[in-house]
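1. Structure for this input, please:
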Amino acid sequence: QVHLMESGGGLVQPGGSLRLSCAASRFTFSNIAMGWYRQVPGKEPELVAAIFHTQSDANYADSVEGRFTISRDNAKNTVYLQMNNLEPEDTAVYYCVALSFWGPNIDAHRPSPYWGQGTQVTVSS
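-> Numbering: from 1, shown residues only. Down below sits the predicted model:
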């Protein structure tokens, strides 16, 4: 069974940085596109960053473009999300997700049923 485990969340002041990590196991990680979703209470999950399995392409939501960077290390079965210049609006639970479909843009990507348990990111002074 696919297993995804996030780490690296926490409390940070506005303008600060965090790096999320997601360790994957029990599937061929290097063949699967990966994404980071975030969710706040009462709203649908939002895909904020995605990376193709060969690392040849990466997409970002407009809300995080220029501040967040997604990367992956296929040798370590790990995907990362570097978050800089964090804003209170970035407060959410962040999920690592295996993608089932890679579309022409981030709005077209689709998640698989395989999600991590989530990690809380809180941006507050």
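2. Kindly export the longest strand seen in the chain (C-alpha atoms) in PDB.
-> Longest strand in the chain, counting residues (DSSP state E): strand 92-101. Below are the C-alpha coordinates for strand 92-101, written out as PDB (Å, rounded to 0.1, in the frame of the first residue of the first chain):
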ATOM      1  CA  ALA A  92      -3.300  25.500   6.200                       C
ATOM      2  CA  VAL A  93      -2.800  21.800   6.500                       C
ATOM      3  CA  TYR A  94      -0.400  20.800   3.700                       C
ATOM      4  CA  TYR A  95      -0.700  17.300   2.100                       C
ATOM      5  CA  CYS A  96       1.700  15.400  -0.100                       C
ATOM      6  CA  VAL A  97      -0.200  13.700  -2.900                       C
ATOM      7  CA  ALA A  98       0.600  11.300  -5.700                       C
ATOM      8  CA  LEU A  99      -0.900  12.700  -8.900                       C
ATOM      9  CA  SER A 100      -2.900  10.400 -11.200                       C
ATOM     10  CA  PHE A 101      -3.100  12.800 -14.200                       C
END
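3. Okay, buried residues for that strand please.
-> Across strand 92-101, burial judged by 16 or more other Cβ atoms under 10 Å covers 92-99. Placement of C-beta: from N, CA and C, glycine included.
4. mind listing the strands in the protein by residue range?
-> Taking DSSP E, the strands of the chain run over residues 3-7, 10-12, 18-25, 34-39, 46-51, 58-60, 68-73, 78-83, 92-101, 110-115, 119-123.
5. CSV please, covering these and showing mean pLDDT.
-> Output for those, formatted as CSV (pLDDT from 0 to 100):
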stretch, mean pLDDT
strand 3-7, 96
strand 10-12, 98
strand 18-25, 96
strand 34-39, 98
strand 46-51, 98
strand 58-60, 96
strand 68-73, 97
strand 78-83, 98
strand 92-101, 97
strand 110-115, 95
strand 119-123, 98
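6. Let's check: the centremost residue of the protein is which one?
-> For the chain, Trp36 is the residue whose C-alpha lies nearest the centre (Cα atoms, centre = their mean; 1.9 Å).
7. Show the contacting residues for that one.
-> Trp36 makes contacts with 20, 22, 47-50, 70, 79, 81, 94-97, as judged by Cβ atoms under 8 Å, 6 or more residues apart in numbering.
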